[in-house]
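**Q** A predicted structure for the sequence below; I have some questions about it.
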Amino acid sequence: MNLKEIIEEIKADPKNEEYTKRGIDPIFQVDKNAKILLIGQAPGRVVEETGIPFNDKSGDKLRKWMGINREQFYSKEIAILPMDFYYPGKAKQGDLPPRKFMADVYHEKILEQMPNVELTILIGAYSQKYYLGKNREKNLTETVKNYKEYLPDFFPIVHPSPLNIGWLKKNPWFEKEAIPDLQQKVKKILS
């Protein structure tokens, strides 16, 4: 199955009918040459409007954390595969969680299209729970704090959402220790 067929299958899935009817395509960035894979939560409202993953304030912060510019971020070397390919809607605080079936049904098929991935950056609790399973720590903070345990395959980070400003203030070690390591790994892979 090729990527075009997978996209058509996603669009034809009855669970995605509301998006397909509105003309919204699944939002992700995949290329067979990708070396770094970002697995995040789900597109937000702003991203849904543009159809470009991480084309918002979270994306600006993520690019800064990775030490790369927009051109590098949207290149064939970076893949972006959210846990849900569509905006799940608004919750009381932030957005609704990604729909679990999306990763269950489609991630493996899409991952097979990217044989050259050297590093997967797990952004936020949903991707960490899914991909690290029982190997993750008791909570997101502990998992991110112990990021070295998951290398060389995975690098867990907190979501770069503006809503996480409080978490970043409580955990200054993240931007002092983890981010320089992340930038070093990204630079080495992309050079």
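**A** Alright, I've got the coordinates. Residues are numbered from 1 along each chain as shown.
**Q** apart from its chain neighbours, what residue comes closest to residue 163?
**A** residue 94 (5.6 Å; Cβ to Cβ, 6 or more residues apart in numbering). Any C-beta I mention is one placed from the backbone N, CA and C, and that applies to glycine too.
**Q** and if you look at residue 73?
**A** In space, residue 73 comes closest to residue 63 once its chain neighbours are excluded; the distance is 5.1 Å by Cβ to Cβ, 6+ apart.
**Q** check contacts around the one you found.
**A** 54, 69-70, 73 (Cβ atoms under 8 Å, 6 or more residues apart in numbering).
**Q** let me know the helix or strand that it is in.
**A** Here residue 63, judged by DSSP states H and E, is contained in helix 57-66.
**Q** buried residues, that helix. List them.
**A** Judged by neighbour count using 16 or more other Cβ atoms under 10 Å, the buried positions of helix 57-66 are 58-59, 61-63, 65-66.
**Q** and the helices in this structure?
**A** Taking DSSP state H, the helices of the chain run over residues 3-12, 17-21, 45-50, 57-66, 70-73, 101-102, 108-111, 125-132, 140-145, 165-170, 173, 179-190.
**Q** I'd like the buried residues of helix 57-66 laid out as CSV, including distance to residue 147 and pLDDT.
**A** CSV is the format used below for these (distance: Cβ to Cβ, whole Å; pLDDT from 0 to 100):
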residue, distance to residue 147, pLDDT
58, 19, 95
59, 21, 96
61, 17, 97
62, 15, 98
63, 19, 98
65, 12, 98
66, 14, 98
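**Q** would a markdown table of these with distance to residue 106 be doable?
**A** Shown next, in a markdown table, are the buried residues of helix 57-66 (distance: Cβ to Cβ, whole Å):
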| residue | distance to residue 106 |
| --- | --- |
| 58 | 22 |
| 59 | 22 |
| 61 | 27 |
| 62 | 22 |
| 63 | 25 |
| 65 | 26 |
| 66 | 25 |
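**Q** count the neighbours of residue 159 for me.
**A** 20 (other Cβ atoms under 10 Å).
**Q** wait, it sits on residue 124?
**A** Yes - in terms of Cβ atoms under 8 Å, residue 159 counts as a neighbour of residue 124; the distance is 3.8 Å.
**Q** which neighbours do these two share?
**A** 40-41.
**Q** most neighbours of all the contacts of residue 63, which one?
**A** Going by other Cβ under 10 Å, residue 54 tops the contacts of residue 63 with 27 neighbours.
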